[in-house]
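Novice: A predicted structure for the sequence below; I have some questions about it.
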Amino acid sequence: MPELEAASPGVAARDALLPAVRRRSFLKFASATALAFTASGLLPRHSLAQATAAGVSLGSGDTAVLNYAFALEQLEAEFYTLVAKSFYRGINERERRILTDIRDHEIAHVDFYRAKLGRAAIPKLQFNFQTVNFADRLSVLTTARTFEDTGVSAYNGAGQLLRDPRNLAIAGKIVSVEGRHAAILHDLLEPRGQSFAGPGVIDSFGLDLADPPSAILAKVKPYIVTAIDPSGLPRS
């Protein structure tokens, strides 16, 4: 196959700017949408996230569910930021672009929740990724796949706890993005697609798994240093 011709300096500069431009546009849209929801009265502007003896409280009702999702998005954003800060050995250009795009999506999700929740948002959490070898492809991609599969299951399990349909619509839009992330990571790890949507992520009816917050928080606890108090989450 003949090699592709090198791009001109002008084209190369343009292509280098595109990811940043896309992310700025995405963040601008996400922030504006979140502010609109806050102004509409979806969330109490006067509420402040409180620390309890059990840790940082997620709040109650829809606010608690959104803060729960916010905590998971913070975890993912921090992980991918570290991945992109120093990519693993032997990474190819396709994998670099994919992981950079996922990082930008997760940061945008964090910015969205922070703006939407306002004064009710939990603070920035602290994380521990000592079990991840960021210089090793398998370690990074396996961890990423685990986080994305967990995220999809988390949104599926928590959606039923939301009472405002507008909040449920937001969760649906975000979980679909997380599902795209999970799919591409499965493909990177197993290019022939043996487990693209196999056991462990899809049930016998062809439906994505849905885990309750208690199960999800137990899964991610090794990575989250900050204690979280989920007692205000709705039970059903």
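Specialist: Received the coordinates, thanks.

Novice: helices or strands up against the strand or helix carrying L141?
Specialist: Applying DSSP states H and E as the criterion places L141 in helix 137-158. Counting contacts by 3 or more Cβ pairs under 8 Å, 6 or more residues apart in numbering; DSSP states H and E, helix 137-158 packs against helix 61-85, helix 93-117, helix 165-189, helix 213-220. Bear in mind the C-beta positions are built from the backbone N, C-alpha and C, glycine included.

Novice: I'd like the average pLDDT over that helix.
Specialist: The predicted model gives helix 137-158 an average pLDDT of 97.

Novice: before we move on, what about stretch 187-194?
Specialist: Mean predicted lDDT for stretch 187-194 stands at 77.

Novice: which regions of the protein lie under the pLDDT threshold?
Specialist: 1-52, 192-199 (pLDDT under 70).

Novice: make it 50
Specialist: Applying pLDDT under 50 to the chain picks out residues 1-18, 21, 26-27, 31, 33-47.

Novice: just list the residues touching P230, thanks.
Specialist: Contacts of P230 were listed using Cβ atoms under 8 Å, 6 or more residues apart in numbering, and they are 58, 64, 68, 213-214, 217.

Novice: JSON lines please, covering those and showing neighbour count.
Specialist: Below are the contacts of P230 laid out as JSON lines (neighbours: other Cβ atoms under 10 Å):
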{"residue": "L58", "neighbour count": "26"}
{"residue": "A64", "neighbour count": "23"}
{"residue": "Y68", "neighbour count": "24"}
{"residue": "P213", "neighbour count": "23"}
{"residue": "S214", "neighbour count": "10"}
{"residue": "L217", "neighbour count": "19"}
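
Novice: closest to the centroid, which residue in the protein?
Specialist: Geometric centre of the chain, nearest residue: E73, 3.8 Å, by Cα atoms, centre = their mean.

Novice: can you tell me how far that one sits from S153?
Specialist: 15 Å (Cβ to Cβ, to the nearest Å).

Novice: and what of V177?
Specialist: Distance, V177 to S153, by Cβ to Cβ: 15 Å.

Novice: what about the two, which has more around it?
Specialist: A side-by-side neighbour count of V177 and S153, using other Cβ atoms under 10 Å, places S153 first with 22 against 18.

Novice: just to revisit the earlier point, pretty sure the residue nearest to the centre of the chain contacts V110?
Specialist: Yes - at 5.0 Å, E73 counts as touching V110 under the criterion of Cβ atoms under 8 Å.

Novice: return the set of buried residues in stretch 138-150.
Specialist: 140-141, 143-145, 147-150 (16 or more other Cβ atoms under 10 Å).

Novice: which residues are in contact with that stretch?
Specialist: With Cβ under 8 Å, 6+ apart as the test, stretch 138-150 has contacts from 72, 75-76, 79-80, 83, 88, 99, 102, 129, 132-134, 178, 181-182, 185-186, 188-189, 200-201, 211, 216, 219-220.

Novice: show me which of the residues you listed are buried.
Specialist: 72, 75-76, 79-80, 83, 88, 99, 102, 132, 134, 178, 181-182, 185-186, 188, 201, 211, 216, 220.

Novice: coming back round to it: give me the angle between the helix holding L141 and helix 61-85.
Specialist: Helix 137-158 runs at 170 degrees relative to helix 61-85, counting by axes from the mean of the first three to the mean of the last three Cα atoms, to 10 degrees.

Novice: pull the distance from helix 137-158 to the chain's centre.
Specialist: How far helix 137-158 lies from its chain's middle: 9 Å, per Cα atoms, centre = their mean, to the nearest Å.

Novice: now do stretch 95-115
Specialist: 7 Å.
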